[in-house]
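Student: Need a 3D model of the following:
(chains A and B)
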Protein chains: 2
Amino acid sequence: MKFNFEFNRYSPREEELYGTILTLGNGHIGLRGEIELEPTIYGTTVAGIYDYAPYFYREIVNAPRVIGLQMMFSGEPLNLSTHKLSRYERELNIEEGTLKTWVHMETHKGVKIQYESLRIVHGKRKNLIILKFKFQASKGGLLTLVNPIETDVANPSYRPEIMVKHCSLKELYFDEKSIYAEVRTLDERYNIGIGSSLITEEKVERSVIKSSRGIAEVLSLQVRPNKVYEFVKYVVISSKNDENLKEEVLGELKEAVGLGFGKLYEEHREYWNDIWKKAKIEIEGDDEAEKGLNFSLFHLIQSLPRDSNISLTARGIHGFGYRGHVFWDTEIYALPFFIAVFPEDARRMLMYRYRNLESAKENAKLNGYDGAQFPWESADDGYEATPSLVPLDMAGKEVVRIYTGEEEHHITADIAYTVDLYYKFTRDEEFMSKYGLEIILETARFWASRVELDEKRGYVIRRVIGPDEYHEHVDNSFFTNLMAKHNLLLGVAYFKKALELGGEWMETIKRAGVDEEEVRGWFQVAERIYIPRQVEGVFEEFDGYFELEDYNLDPYGIGEARLPEEIRKRIGKTRLIKQADVIAAQYLLKEQFDLETIKKNFDYYIVRTTHASSLSMPAYSIVASWLDYGDLAYDYFMKCAYIDLKNIYGNTHDGFHLATAGGVWQALFRGFCGIDIKEDMIEISPKLPQKWKSVKLRFFFRGAWIDLVIKNNEIKVKLLNELKSVRVYAFGKEVVLGPGEEVTLEK
Amino acid sequence: MKFNFEFNRYSPREEELYGTILTLGNGHIGLRGEIELEPTIYGTTVAGIYDYAPYFYREIVNAPRVIGLQMMFSGEPLNLSTHKLSRYERELNIEEGTLKTWVHMETHKGVKIQYESLRIVHGKRKNLIILKFKFQASKGGLLTLVNPIETDVANPSYRPEIMVKHCSLKELYFDEKSIYAEVRTLDERYNIGIGSSLITEEKVERSVIKSSRGIAEVLSLQVRPNKVYEFVKYVVISSKNDENLKEEVLGELKEAVGLGFGKLYEEHREYWNDIWKKAKIEIEGDDEAEKGLNFSLFHLIQSLPRDSNISLTARGIHGFGYRGHVFWDTEIYALPFFIAVFPEDARRMLMYRYRNLESAKENAKLNGYDGAQFPWESADDGYEATPSLVPLDMAGKEVVRIYTGEEEHHITADIAYTVDLYYKFTRDEEFMSKYGLEIILETARFWASRVELDEKRGYVIRRVIGPDEYHEHVDNSFFTNLMAKHNLLLGVAYFKKALELGGEWMETIKRAGVDEEEVRGWFQVAERIYIPRQVEGVFEEFDGYFELEDYNLDPYGIGEARLPEEIRKRIGKTRLIKQADVIAAQYLLKEQFDLETIKKNFDYYIVRTTHASSLSMPAYSIVASWLDYGDLAYDYFMKCAYIDLKNIYGNTHDGFHLATAGGVWQALFRGFCGIDIKEDMIEISPKLPQKWKSVKLRFFFRGAWIDLVIKNNEIKVKLLNELKSVRVYAFGKEVVLGPGEEVTLEK
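Tutor: The predicted structure follows:
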């Protein structure tokens, strides 16, 4: 599956957009898609490397740029802006995880140059990047190639004109075959060692240059007319905190060079082949939908860190948007895909939360609560990383006050929800008994301390922000209260389960210091948590929401730009909402509502939602499917699947919208395919868009791979693994499949 | 007079230091001395171009780098770090205002390269920079020269790792002979247009490259072994706010190229020759002192802006120290030199204050006072530019609170003092009647509102910081109260003068709305201003100072590093002072004190002064001369004359210490030469250091140039101009000189 882009010129602005779309990554290294031949502010991202930053606590570090390549031909630097370009083309192959580039240009002296490159961020060798390229000129001349490690990189800060250099240079080194640069973050927590070698079979002269900008090796050779010259640039990036970092990096580099491009490319293709065996979704009858969906999955998969010191970030390894922080986006929007398709990855993402449970406990204590309160924005250390102020002007005199870090408490319940979801799919006893259980207990404990008793209404939760961030300092957010209740009841249920199962489960109960009395308290709070009033079936988003000024919108529109200026200014005083909120709760806790209630709420809120958040449409798409609003469900699905390819929110240059990418998968899985897990049974009630003939997908359920081919009137299910059985329910029929069995259910 | 520096390697750290020492400027353009062949963060400064910045209000802009030059030889970029350097030498010629560079290196391929350049920031053509260079190689090969305009520059902010890009790119353009870049400051107030051409008589191939880093022209040519190739790089920088900026810049560039290097160099030498005719000081018997002194004057002269939208800044055009802000340094330390040697320049510096009188009036109003209160730190718009907070850590969580902007009020009196000093030297009626008078009236008015009546002590001034900034929020600073009194009495005296002279003087009185009653009030306040108590002849620096813990120091030491840690921590609670304070007042208002009192105060404070401010030693040197503390006077003088050449304060990379440079001149003029202006008479009582045989200098006094050759027992005075006469008093004798007359006074 290839995504091809042809450009009729080189434009730094367009490069920034395609830089996101053409990003390659392997969970350790993230490499944006800007062309190697021109400068850019974007270096490389290395998963989990953060540093202190003005206003944003800690941010993902723009590490040295390693992909750069400068070419000179007979004394003339080859430049995309001033040379005549007859071809400039890029091609992202998501099946192989490669980026190809073609540049044909004519120099000022009339020499025709052809350049072609293939870029890989290696799947199986997490530290390795390869750039293979070919060069051809219509006349003979002196070709000079500069292969730099550019250490003088910086992160754009609260304004793009303010740059923060997180990497301080520790060492520049070279030997006869390689160059090496080592940097350390300013907080002295992380080292990054980078080695590179530019290899060719041609006879070349080699020299090395060093400066405050980094180190570079320079090859030069006389080329003959029309002969194709081939080169391979190898880069190894390691962030191991090790005294022998340099030796390790140079050793790995040597090994890679020794294996050569062919072998390494083969390994890399195997890697992606294995991934797509699990992840690929085929949509018969709608190539566009299929491409957009798998493109989203590709970027989601690439962005997932290999280590649990960081989880999936809001804008991935694709940019600096939201500073590489982890939000509820990760658990609620992205994680379900990993739970169903890459459960080991999902586990690691949850382990990130577990590793930061102590920080969350400190956070709760700091705010006067018990248990664990997860931060709204989380970086590498799990402390609250939400800025409380962001300057609007250069001098920092005008600032916008951000309350989400102080008030958007639902994230704590969202994490507990997803821990439970993971267990529902996987029955991973080891994770749940040791780690997941503790998260659920500590978060339940948080909510028990977070509520306040109101004589009339029971337990209320005051001063929060729900998913709809237009309304701050609200009391009794429907979403928050419902999720808090769910969290408390999970605490109760898993405590009981632990008592039954004993062993590791009981160890965790003891470690958390939870006893029956405390859990009884949770149950009482849960039972009496106040849920906002319902008027004609519609739940009030928070106390007083129905008293606000009303304003209606076309559900097919997106964003705030379509609003009159005066409405935009006082948006928090209207009933307009930023994104799915009551509906998001109903999509997460579907079993608590009948379809009629969901419909009433959907009909009410859909015309009051601006979708200014990219998290909005996925939730509405799913629920729209359930309600048979097929057109709207499909419209949202397609917008989400093409959110970055079409730069729908205008900020794709800041990174990929990974919550939306995960949301697209959920819109397919839970919406169009209508798949629900009810205890140990898989329920399927398809609502495929009209032009879709079938959807072919695969997911992992309690140790077994389940292959599905879904049509609106027929479902083929196959259980792949041995030693398992599974119950499937569709079209009013229930079947039990044994290992290797296949069954077709018809309407 | 040449300053030669030989290096045995290329070191970015040392470059930063010599970058300041080797700065060239012409009052419009400032160009630091870093070598053109390597990258550096320093671009170019253009006088008066400021922009909003985090914390520092507005700061001087690091404009595009224009001096850069990259060379490649046969495909090998020539690099000072990795190539073998057999010679790396720089030479600053202050008599001609040129910087020469020699680089001899051997490439990896064994080719010996000789490079030699001469750099000029043209004296007579304010927008012009020229770099002439020669290239020679021991073997034949392909030479490529890249002449870039690097627009991707930024200012280091409150931490060097945080960079602020003030220049947004507006246009990159090229034609057959030149390249052009235009940038605009982020606040949209200033445009900078830059054109450049690299010219040679050799046959070369030329191409142009553009990128997000700027634009560059590239010349390449085949060179023969051992032949010397010559090139001239011309650069024109204009900051005119003009629609035709590009046309003007390219026109000026064309004109320069047309005139050629020889003619332009001649003009430039004429320019400096004229300057040195006025400014040069010869010290017979002490070459080292002569060199250091004239070196200081060279940098002072280069730094003075040509336009009155900015004045001389604390660290000149040499760096970003103090963000290009203007302090009291300018009036009290630097201006006396310009008053005596370049009175038209001095006038322009005072016009800067006059232009910002409205801002100073707004500032006073904002703080609840009348009249004009000049800001402690001033940028291009005359508003208070002192940061009130400066972060200590990256995240901005720990900050240091700066009170000088709120409390260091003496600057307002300092400016009035220097306006009067200017008039005393020049009798510039036009300036004084129109502008100077208004400054004096509005500042007197400020002080009348600033004082508070204390029943017992008369008028007190509470909560200030004096020159000694270790002590904040003090009441009745000796320096401040005395200078305030002086300012009020100047108001009274000039008001009377205006009544007598009428005309333009009275227009100004009317414009300021000052009447006799108000002036009577000023007189009453001045008469009753409380001056801190005197104990055994020593004035208390401020109320309560004598009650502080005492600590004594060696007067020959400098800085705080020599203090024990525990003293440093509580320095504000001790009697240690940062710089001359009581003594600074006595040096400025010498006529109010007898020598015996000055001696008592000097003896007391000299052993309690850390000299942590570079403004301290000049004042002490002058007073030490008066008191016949010859060794100490000389020691301070020499330290000040070599303050940056020897990097005495360890922060020369931040810019030149211009207050000290001005102070060195004053230490010579007022200290060693003992020159005082008493109404229309010049009094001279020399105190030359023992090894000095004579001092030869020249200054301008009320329309006449006065040539002096001073020895300790003999003074030769010559009056150069016609139509003037002057009274001179020395060794107990008074003479009157007519035009062209010369007289020798003997002890």
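Student: Got phi/psi on A:Trp276?
Tutor: phi -70, psi -30 (degrees, to the nearest 10).
Student: got the CA coordinates for stretch A:623-633 in CSV?
Tutor: Only the C-alpha atoms of stretch A:623-633 are listed here, as CSV (Å, rounded to 0.1, in the frame of the first residue of the first chain):
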residue,chain,number,x,y,z
VAL,A,623,-22.5,5.8,18.3
ALA,A,624,-23.9,7.0,14.9
SER,A,625,-23.4,3.5,13.6
TRP,A,626,-25.3,2.0,16.5
LEU,A,627,-28.1,4.4,15.8
ASP,A,628,-28.2,3.6,12.1
TYR,A,629,-27.1,7.1,11.2
GLY,A,630,-25.0,5.5,8.5
ASP,A,631,-24.1,8.6,6.5
LEU,A,632,-22.9,10.6,9.4
ALA,A,633,-21.0,7.6,10.8
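Student: buried stuff in it?
Tutor: Within stretch A:623-633, the residues scored as buried using 16 or more other Cβ atoms under 10 Å in any protein chain shown are A:Val623, A:Ala624, A:Ser625, A:Trp626, A:Leu627, A:Tyr629, A:Leu632, A:Ala633. (Each C-beta comes from the backbone N, C-alpha and C, glycine too.)
Student: what comes into contact with that stretch?
Tutor: Contact partners of stretch A:623-633, identified using Cβ atoms under 8 Å, 6 or more residues apart in numbering or on different chains, comprise A:555-556, A:580, A:583, A:586-587, A:590, A:595, A:598-599, A:602, A:606, A:620-622, A:636, A:667, A:670-672, A:674, A:687, A:689-690.
Student: how about the residue nearest the centre of chain A, what does it touch?
Tutor: Nearest residue to the geometric centre of chain A (Cα atoms, centre = their mean): A:Leu658, 3.7 Å. Each residue near A:Leu658 by Cβ under 8 Å, 6+ apart is listed here: A:His299, A:Leu300, A:Ser303, A:Leu312, A:Thr313, A:Ala314, A:Arg315, A:Gly316, A:Asp329, A:Tyr333, A:Ala334.
Student: got the contact list for the residue located most distally from the centre of chain A?
Tutor: Most distant residue from the mean C-alpha position of chain A: A:Gly140, 47.3 Å away (Cα atoms, centre = their mean). The neighbours of A:Gly140, taking Cβ under 8 Å, 6+ apart as the test, are A:Gln222, A:Val223, A:Arg224, A:Pro225.
Student: where does the last one land in three-state SS?
Tutor: Put plainly, it is A:Pro225. coil (DSSP: H, G, I helix; E, B strand; the rest coil).
Student: re earlier: now the two most distant members of the buried residues of stretch A:623-633.
Tutor: Of all pairs drawn from those, the widest gap by Cβ to Cβ lies between A:Trp626 and A:Leu632 and measures 11.7 Å.
Student: In the stretch 401-550 of chain A, what residue lies closest to chain B?
Tutor: Chain B sits closest to A:Gly405 of the stretch 401-550 of chain A, with a gap of 13.9 Å, by Cβ to the nearest Cβ.
Student: helix or strand for that residue, which one?
Tutor: In this assignment (DSSP states H and E), A:Gly405 forms part of helix A:404-407.
Student: Beyond that helix, next helix or strand please.
Tutor: Later in the chain than helix A:404-407, the nearest helix or strand by DSSP H and E is helix A:410-426.
Student: any idea of the mean pLDDT for that following helix?
Tutor: Averaged across helix A:410-426, pLDDT comes to 98.
Student: Alright, I will stop here.
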